[in-house]
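Asker: sequence and predicted model, in that order:
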Amino acid sequence: MILVFLLYALFALVFIVEKMCFQYSSILFLVGSRMFFAGLLMLVCYFFFTNKKKMLSTSILLRLLSLGVINIYFTNIFEAYALKYLYTYKTCLIYNLSPFISAVFSYFIFSEVLNLKKCLGLIIGFIGFLPLILAKSIDESKGEIPFISWPELSMVMAVVCSVYGWILLKQAVQKEDCHPLLANGISMVAGGFLSLGHSYVMEDWNPFPVLNWKYFLIFSSILLIVSNLICYNLYAFLLKKYSATFLSFAGFSTPFFTATLGWFFLSENILWQFYLSIIIIAFGLYLFSLEERKLEISMKAIS
């Protein structure tokens with residue numbers, strides 16, 4: 001149980017460190033360099049520490065490249081832009097839209113059935129985000145469109161891209177029998193390279209868009225080690241011990257960890273709407289996961 005909360009505390013730390021890193025580097029360069037080198041590291045691990053080697057067909061390679069564009073490039077660019085202007089805990093809470101967005105994707109793409117309780121859980125979950133969305137700081141209100149600011153919309157887009165990216169990754173790993181290290185390695189290198197190219201065109205390379213190399217390297221290394229190495233492997237390990245439903249509920253500890261760390265390291269003000277949103281969303285997720293659990297039990301009984 002300690003490892004579960006350690007995982008989500010580390011996820012919270014990633015939000016804090018990434019926001020701190022924006023003081024020393026541009027967004028595109030930070031995302032691109034981090035993902036590119038993390039992908040290279042995963043490919044090295046795949047080729048030297050796994051016994052199962054696989055020749056990639058053109059269709060699999062194209063799927064992995066599209067994964068790099070959607071799940072690495074778009075997801076991280078949208079998230080980084082949002083994180084620059086939003087409170088870290090608000091960014092983290094919006095990221096918890098993932099189970100609800102995933103359910104919508106499953107309904108339209110995989111024709112999964114949504115019964116009344118699941119639909120009610122989805123509706124309550126989405127409503128739960130409204131109190132925090134409507135409460136805005138000065139920075140995030142810039143460029144606001146009705147009811148939602150550009151940074152908030154950017155974070156929602158990050159969640160959508162992330163969920164669709166996980167669907168592509170699942171298809172590559174399960175249907176195409178592609179090793180996770182290979183799939184993630186190629187997609188991260190591709191997405192990181194695309195982000196670096198975007199950075200070269202849009203940002204000031206004189207010679208690099210970095211204000212302080214010392215702190216940039218320190219924070220980037222922390223992000224790479226914690227997010228790409230520790231969290232990735234720890235989550236895979238915990239999935240073998242705990243159900244996905246339990247981990248989804250435990251994931252709601254991440255915004256609390258993020259709020260605490262953001263208050264301590266970044267002097268962020270914690271809005272009361274944050275706690276209200278957490279309660280409503282948790283209730284919606286409870287209703288939704290209750291039906292998921294019933295489905296899992298019935299499927300086991302049939303098999």
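Answerer: The structure has been received and is ready for your questions.

Asker: quick one: low-confidence ranges for this structure?
Answerer: 110, 136-146, 236, 239, 243-245, 248, 291-303 (pLDDT under 70).

Asker: what about stretch 64-83, how long is it end to end?
Answerer: One end of stretch 64-83 to the other measures 26 Å (Cα to Cα, to the nearest Å).

Asker: centre of the chain to that stretch, how far?
Answerer: 9 Å (Cα atoms, centre = their mean, to the nearest Å).

Asker: go on, stretch 281-291?
Answerer: 20 Å.

Asker: could you list the buried residues of it?
Answerer: 281, 284-285, 287-289, 291 (16 or more other Cβ atoms under 10 Å). Using the backbone N, CA and C atoms, a C-beta is placed for each residue, glycine as well.

Asker: what lies in contact with that stretch?
Answerer: Residues from elsewhere that reach stretch 281-291 (Cβ atoms under 8 Å, 6 or more residues apart in numbering): 93, 96, 99-100, 103, 115, 117-118, 120-129, 245, 248-249, 252.

Asker: now the strands for the protein?
Answerer: Under the criterion DSSP state E, strands are not mapped anywhere in the chain.

Asker: follow-up on the earlier one: now the buried residues of stretch 281-291 as a markdown table including distance to E18?
Answerer: Shown next, in a markdown table, are those (distance: Cβ to Cβ, whole Å):
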| residue | distance to E18 |
| --- | --- |
| I281 | 23 |
| G284 | 27 |
| L285 | 25 |
| L287 | 32 |
| F288 | 29 |
| S289 | 29 |
| E291 | 35 |
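
Asker: of those residues, just say which sits nearest to K54.
Answerer: Distance to K54, by Cβ to Cβ, is smallest for S289 among the buried residues of stretch 281-291, at 34.8 Å.

Asker: export stretch 235-255 as PDB, just CAs?
Answerer: Coordinates of the C-alpha atoms in stretch 235-255 are reproduced here as PDB (Å, rounded to 0.1, in the frame of the first residue of the first chain):
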ATOM      1  CA  TYR A 235       2.900   1.500 -12.200                       C
ATOM      2  CA  ALA A 236       3.500  -1.600 -14.300                       C
ATOM      3  CA  PHE A 237       4.500  -3.500 -11.100                       C
ATOM      4  CA  LEU A 238       1.500  -2.300  -9.100                       C
ATOM      5  CA  LEU A 239      -0.900  -3.300 -11.800                       C
ATOM      6  CA  LYS A 240       0.100  -6.900 -11.100                       C
ATOM      7  CA  LYS A 241      -0.800  -6.600  -7.400                       C
ATOM      8  CA  TYR A 242      -3.800  -4.300  -7.500                       C
ATOM      9  CA  SER A 243      -6.900  -3.800  -9.700                       C
ATOM     10  CA  ALA A 244      -7.100  -0.900 -12.200                       C
ATOM     11  CA  THR A 245     -10.200   0.200 -10.300                       C
ATOM     12  CA  PHE A 246      -8.300   0.500  -7.000                       C
ATOM     13  CA  LEU A 247      -5.400   2.400  -8.700                       C
ATOM     14  CA  SER A 248      -7.900   4.800 -10.300                       C
ATOM     15  CA  PHE A 249      -9.300   5.600  -6.800                       C
ATOM     16  CA  ALA A 250      -5.800   5.900  -5.300                       C
ATOM     17  CA  GLY A 251      -4.900   8.200  -8.200                       C
ATOM     18  CA  PHE A 252      -7.200  10.800  -6.600                       C
ATOM     19  CA  SER A 253      -4.500  11.300  -3.900                       C
ATOM     20  CA  THR A 254      -2.300  12.900  -6.600                       C
ATOM     21  CA  PRO A 255      -4.100  16.300  -6.600                       C
END
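
Asker: and the contacts of it?
Answerer: 3-5, 7-9, 11-12, 89, 92-93, 95-96, 99, 180, 274, 278, 281-282, 285-286, 289, 292-293, 296.

Asker: state the phi and psi torsions of L114.
Answerer: phi -110, psi 110 (degrees, to the nearest 10).

Asker: how much space between it and L271?
Answerer: For L114, the distance to L271 equals 32 Å [Cβ to Cβ, to the nearest Å].

Asker: next one: V69
Answerer: From V69 to L271 the distance is 35 Å (Cβ to Cβ).

Asker: check S220 too.
Answerer: Per Cβ to Cβ, S220 is found 30 Å from L271.
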